[in-house]
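A.B. asks: I'll drop the sequence and a predicted model, then ask my questions.
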Amino acid sequence: MNKQASTVGRSLAKRLWYDALRVIARLSGVCLFRIRVYGRENWPANGGGLVCPNHQSYLDPLLIGLTCDRRLNFLARQSLFKFPLSWIIQSLDSIPVDRDGSGLAGLKETLKRLKRGELVLIFPEGTRTPDGKIGPLKSGFIPLARRGGVPIIPIAVDGAFDAWPKQAKAPQRSIIHIRIAPPISHELLQTMSDDELLEELNRRLDEAFTAIQASRELAQ
């Protein structure tokens with residue numbers, strides 16, 4: 001079912017490119033960033049899901065994609081669909097989001113992919129962190145999870161900010177750790193108010209972030 005969902009509307013070349021890029025990202029992650037991944041058993045084996053990581057750098061989509069054996073969909077600002085990032089963003093079948101307009105087309109496409117059983121990655125902070133810490137979460141992802149009928153998968157990333165801070169023009173070596181936290185099930189999130197859901201996602205991200213900060217310190 002998941003294989004069928006991930007192949008809808010995608011050419012064989014696009015599917016092979018995604019698989020090849022994941023292999024390259026895994027090799028690069030080990031060699032350049034001594035990457036460690038915890039909680040891979042928390043990836044849902046079936047069905048749609050809204051993937052909600054903290055956002056430390058431009059590397060984050062690739063880093064999170066390499067931890068999952070299923071294909072991820074990425075949301076990206078419309079302004080990024082131009083040189084030099086346009087070719088890779090388009091090749092990954094990313095969903096453009098027009099922040100200056102209504103963004104309605106991007107939201108509709110996101111819901112469409114969630115309902116056909118795919119995983120979609122969105123950054124609840126809305127932008128990259130200026131200091132490596134987790135910033136305030138925005139509530140824009142909540143209607144997508146509710147209407148899409150999917151769980152929320154919290155993911156903490158640490159070390160990507162050191163590898164490629166917001167003010168730097170190119171990445172550098174660092175140690176990166178990632179933890180996939182237990183999902184917030186659709187049944188549970190439907191019992192929560194928006195404020196309670198934001199608080200719960202924040203709590204799970206903080207908990208996972210604290211754990212990988214400790215594991216990174218031991219790995220230094």
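C.D. replies: Nice, I can see it.
A.B. asks: CA atoms for contacts and neighbours, from now on please.
C.D. replies: Noted.
A.B. asks: Where do the strands of the chain begin and end?
C.D. replies: Secondary structure of the chain by DSSP state E: the strands cover 36-38, 49-53, 72-77, 95-97, 119-121, 152-158, 177-180.
A.B. asks: so what does the fifth one touch, helix or strand wise?
C.D. replies: Judged by 3 or more CA pairs under 8 Å, 6 or more residues apart in numbering; DSSP states H and E, strand 119-121 is in contact with strand 49-53, strand 72-77, helix 104-115.
A.B. asks: Figure out which of the ones you listed is closest to residue 28.
C.D. replies: strand 72-77 (18.6 Å; CA to CA).
A.B. asks: Could I get the average pLDDT for that closest one?
C.D. replies: Across strand 72-77, the average pLDDT comes to 88.
A.B. asks: try stretch 140-150
C.D. replies: For stretch 140-150, mean pLDDT is 95.
A.B. asks: for stretch 120-131, same thing?
C.D. replies: 95.
A.B. asks: same deal with stretch 34-50?
C.D. replies: 97.
A.B. asks: which outside residues touch that stretch?
C.D. replies: Stretch 34-50 is contacted by residues 1-2, 29-30, 67-68, 113-122, 144-145, 150-153, 174-183 when judged by CA atoms under 8 Å, 6 or more residues apart in numbering.
A.B. asks: tell me which residues in it are buried?
C.D. replies: Neighbour-count burial for stretch 34-50, with 16 or more other CA atoms under 10 Å as criterion, is recorded at 35-38, 43-44, 47-50.
A.B. asks: Stretch 70-84 now?
C.D. replies: By neighbour count with 16+ other CA under 10 Å, stretch 70-84 contains the buried residues 70-78, 81.
A.B. asks: so which of those residues would you say is closest to residue 22?
C.D. replies: Out of these, the member with the shortest distance to residue 22 (by CA to CA) is residue 71, at 9.4 Å.
A.B. asks: So what does that closest one have for phi and psi?
C.D. replies: Residue 71 has phi and psi values of phi -80, psi 140 when expressed as degrees, to the nearest 10.
A.B. asks: how much space between it and residue 91?
C.D. replies: To residue 91, residue 71 is 13 Å away according to CA to CA, to the nearest Å.
A.B. asks: shared neighbours of those two, anything?
C.D. replies: Taking CA under 8 Å, 6+ apart as the contact criterion, no residue touches both residue 71 and residue 91.
A.B. asks: Which helix runs longest in the protein?
C.D. replies: Counting by DSSP state H, the longest helix found in the chain is helix 194-219.
A.B. asks: Which residue is the nearest non-sequential neighbour of residue 177?
C.D. replies: Spatially, and ignoring its direct neighbours in sequence, residue 177 is nearest to residue 36 (4.8 Å; CA to CA, 6 or more residues apart in numbering).
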